[in-house]
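S.K.: Sequence first, then the predicted structure:
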Amino acid sequence: MRRRYSHAKPIKPIRIRNRFSYSNLGETTTSGERRSPVRSPDNDDDNMDFQYNHEDNDLSFQDINDDDNEYGSIGPQYYNDEMEDDDQSFDNEEEEETDNEYNSEEEEENDNEYNRDEEEDDDNGDNNEEEEEEGNNEEEEERNNDEEERNDNEEEEIHQIVEALDEDKIPSCNGEFAPYFDNYTTTALFCWLQKHNVSTKAYEDLVDIIHNPQFEPTHVVKNIRRFQSWRKRLPLLPIITKPIQILPKKTPSTSRDSKLSYQLSISDIIWRVLNNPMLMKHMYFGPGVNSETKSEYWHGTLWGESPLFGQHEIIISEVIYQSGDFVYYHDNGLKKLGRLRAILKDENGNYELRVQLILNYDDLPGNIKGLSRRRRSLTGEVWFQDEPFITIITSQILEKVTIMMTYKHQIIPEGSLRITEIIYKCNDRWHVRDAKLSYQHPSDYISVRNPPSSMPVYKLFLDLYYDDFGTFRNVYHSLGGVYIQFGNMPTHQRKLIKNHFVLGFIPFGGNFNEFMVPFVSEIKKFEKGKIMTVQGQDAWVIAGLGLVTADLPQGNDMAGVLRHNANKGCRTCTTKKESLSTYNQDSVTTLRYHHITDEEISKISQESVISKRGQLYTEYGLRSPSILDKLKCERHLQTPQDIYHV
């Protein structure tokens, strides 16, 4: 702000003058006459100061301009003295005019007095100006030194971030865009990159398109809206919405009670996959393969045994044999008993049969034999032998046989063959366990229909993957991603991201069972078989849930088991927490089996007292059943521990 100055001496009339209007106030000619004021060309503008000083209002003269730099290097003291001389000159001039008007006789005398006063004022002004100039010079030197220091500091803070190209390094090229670019193409691409801030990946994709042999510049569409209309031609899947109830314990109190979930139809996904020639040529449909190297799902036990995935029947000597049947077969001239576990093919395409051994009393190990078992054998009891299973060829099959299993609650006729126990080996010693403590063969709880006619059959092995992922870096707000993979694809195809099919996302706080209702209802139809158009012809499509992949807590939820911090928090066995580190325990007797878990859940649901029901859940290590239990799968076998989450 510029300093404000005022005159102590009252001034009656109103005067209007320009700032610094006079080049040298009070200057007189050699004849003693005062020179008329000369306006400075630098200040020839309309910026005038109006100064009022009436005696009745006692107003003082003030400068209201706030621009400090407008006066250059004129110091405040010098400016004040100059103003005083200026005002004194104006006062004398006014007095002279008044004398000329009203007292012409005293004009000469007044002029002489004015001249004498003017000379005295000039002498005093010159002395004051000399003193003032010395002080101003010192102040100017200090200001100049300060400015030089500031400039030096600013120069020290300046850093060069882009170096100019040396003259000797400028490329030598001719043309319209010389010397910086060779041609129009490089110039246009450079300007396009700088203008739109194109990423490196986007530019690399553009280069790949341009250098592709099939690229034709004449095919480039100038209107981007045409691409938007072409998007409708793509085989995009319809998206369905469904309201999901939000659990209040997992969300803030201000959250809504329900949110919309977005998911795709598994029927649409299956149809798109089966009608994609690029995928179909890599997919395998057929019986399980007996391979020494287990690298694909069709090399596994589940594929070969389940009617949903593998071949479930075969014709031998005009007799239909299905997986799960009990048969007689011959081995080294001896007639033996066994159960047909799976119909397989070897690596050369020849059929093989996997058989589980069934032993008579005479074939039992010595430590298992006893009087009680001998008597039971006389009434038709035989014994299962646990793994390993044997492999035979189709020509070794003799005939079918009927054998009853006690855990299936069948009415066993007297004298018929029956199985109540299984012998197995643990810690290099033979043991016996109840036949109930074994995994059911898939044929015991799965039955499929034959196609209506001789149409091709496609059986799909679905791998369901479920995991939560965070949507924000610093806030716990997760979405549940549900994905589908097809086990019919080989490993190198399954691990490609493009072959992971999104089923949908569960909102934060949403319920998995509620979200999976449409998926489960569709899969139940596929388990029975469904006609679909595949590659232009009708086909019989069967699909089933083959595997559920999830991390530890969510995997336990889908298996209907308490989480791992519980006393019995393993979804594979019922071993207590304190015994998990015991290495030589008989784990076969503590495994969880689907049919036994069903009985425990039924017992819990029949309990009317809530506290008693909670005690039973804790005792069995179970929780409310998952919606996936409605599908034809073994909840404990087909929800394994994910190795990447261990």
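M.R.: Sure, I can see it.
S.K.: quick one, what contacts Tyr180?
M.R.: In this structure, Tyr180 makes contact with Pro171, Thr187, judged by CB atoms under 8 Å, 6 or more residues apart in numbering. Every C-beta, even on glycine, is put in place using the N, C-alpha and C of the backbone.
S.K.: For the remainder of this discussion, apply numbering that starts at 6.
M.R.: Sure, I'll start numbering at 6, so the last one becomes Tyr185.
S.K.: Double-check that it belongs to a strand.
M.R.: No - Tyr185 sits outside any strand when classified using DSSP: H, G, I helix; E, B strand; the rest coil, being coil.
S.K.: for stretch 522-540, the distance to its chain's centre please.
M.R.: Stretch 522-540 sits 31 Å away from the centroid of its parent chain (CA atoms, centre = their mean, to the nearest Å).
S.K.: and what of stretch 466-473?
M.R.: With CA atoms, centre = their mean, you get 18 Å for stretch 466-473.
S.K.: now swap in stretch 373-384 and tell me
M.R.: Using CA atoms, centre = their mean, the offset of stretch 373-384 from its chain centre is 64 Å.
S.K.: Contacts made by it with the rest, please.
M.R.: By CB under 8 Å, 6+ apart, stretch 373-384 touches Asn365, Tyr366, Leu369, Glu386, Glu419, Gly420, Thr425, Ile428, Trp435, Val437.
S.K.: excluding its backbone neighbours, what's nearest the fifth one?
M.R.: When the adjacent residues along the chain are set aside, Glu419 lies closest to Thr384, with 7.6 Å between them (CB to CB, 6 or more residues apart in numbering).
S.K.: Got the domain ranges for this structure?
M.R.: As recorded under automatic domain parsing, the domains making up the chain are 20-150, 176-225, 318-449, 567-637.
S.K.: Of these, which shows the lowest average pLDDT?
M.R.: Of all those, the minimum mean pLDDT falls on domain 20-150 (a mean of 49).
S.K.: Please name the bridge partners of Phe506.
M.R.: Beta bridges link Phe506 to Ile489, judged by DSSP bridges.
S.K.: Also Ala347?
M.R.: Residues in a beta bridge with Ala347, per DSSP bridges, are Arg359.
S.K.: Quick check: it touching Gly293?
M.R.: Yes - if you go by CB atoms under 8 Å, Ala347 and Gly293 touch, sitting 5.7 Å apart.
S.K.: list residues touching both of the two?
M.R.: Listed as contacting both Ala347 and Gly293 by CB under 8 Å, 6+ apart are Gly309, Glu310, Gly315.
S.K.: isn't the second one right next to Pro447, touching?
M.R.: Meaning Glu310. Yes - Glu310 is within contact range of Pro447, at 5.1 Å (criterion: CB under 8 Å).
S.K.: Next, count neighbours for Lys237.
M.R.: Counted with other CB atoms under 10 Å, residues neighbouring Lys237 total 7.
S.K.: and it, which of the three is it?
M.R.: Criterion first, three-state DSSP; result for Lys237: helix.
S.K.: Give me the buried stretch members for stretch 348-357, please.
M.R.: Within stretch 348-357, the residues scored as buried using 16 or more other CB atoms under 10 Å are Ile348, Leu349, Lys350, Tyr356, Glu357.
S.K.: If we only consider the residues you listed, which is nearest to Met410?
M.R.: Among these, Ile348 lies closest to Met410 (CB to CB), at 20.7 Å.
S.K.: Can you give me every residue that contacts that closest one?
M.R.: Pro292, Gly293, Gly309, Gly315, Gln316, His317, Glu318, Ile319, Tyr326, Ser328, Tyr356, Leu358.
S.K.: In CSV, list those along with secondary structure and distance to Gly375.
M.R.: Putting the contacts of Ile348 into CSV (DSSP: H, G, I helix; E, B strand; the rest coil; distance: CB to CB, whole Å) gives the following:
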residue, secondary structure, distance to Gly375
Pro292, coil, 41
Gly293, strand, 38
Gly309, helix, 35
Gly315, coil, 39
Gln316, coil, 41
His317, coil, 38
Glu318, strand, 39
Ile319, strand, 39
Tyr326, strand, 35
Ser328, coil, 33
Tyr356, strand, 40
Leu358, strand, 33
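S.K.: State the pair within those residues that is farthest apart.
M.R.: Checking those with CB to CB, the most distant pair is Gly293 and Tyr326, at 15.3 Å.
S.K.: Between the two, tell me which one has more neighbours.
M.R.: Counted by other CB under 10 Å, Gly293 and Tyr326 do not tie: Gly293 has more neighbours, with 26 against 20.
S.K.: so what's that one closest to, chain neighbours aside?
M.R.: Gly309 (2.8 Å).
S.K.: So what's the predicted local confidence for the one you found?
M.R.: On pLDDT, Gly309 comes in at 94.
S.K.: Let me see the contact set for it.
M.R.: Contact analysis of Gly309 by CB under 8 Å, 6+ apart lists Pro292, Gly293, Asn295, Trp303, Gly315, Ser328, Arg346, Ala347, Ile348, Leu349, Arg359.
S.K.: For Gln250, give me phi and psi.
M.R.: Taking degrees, to the nearest 10, you get phi -70, psi 140 for the backbone angles of Gln250.
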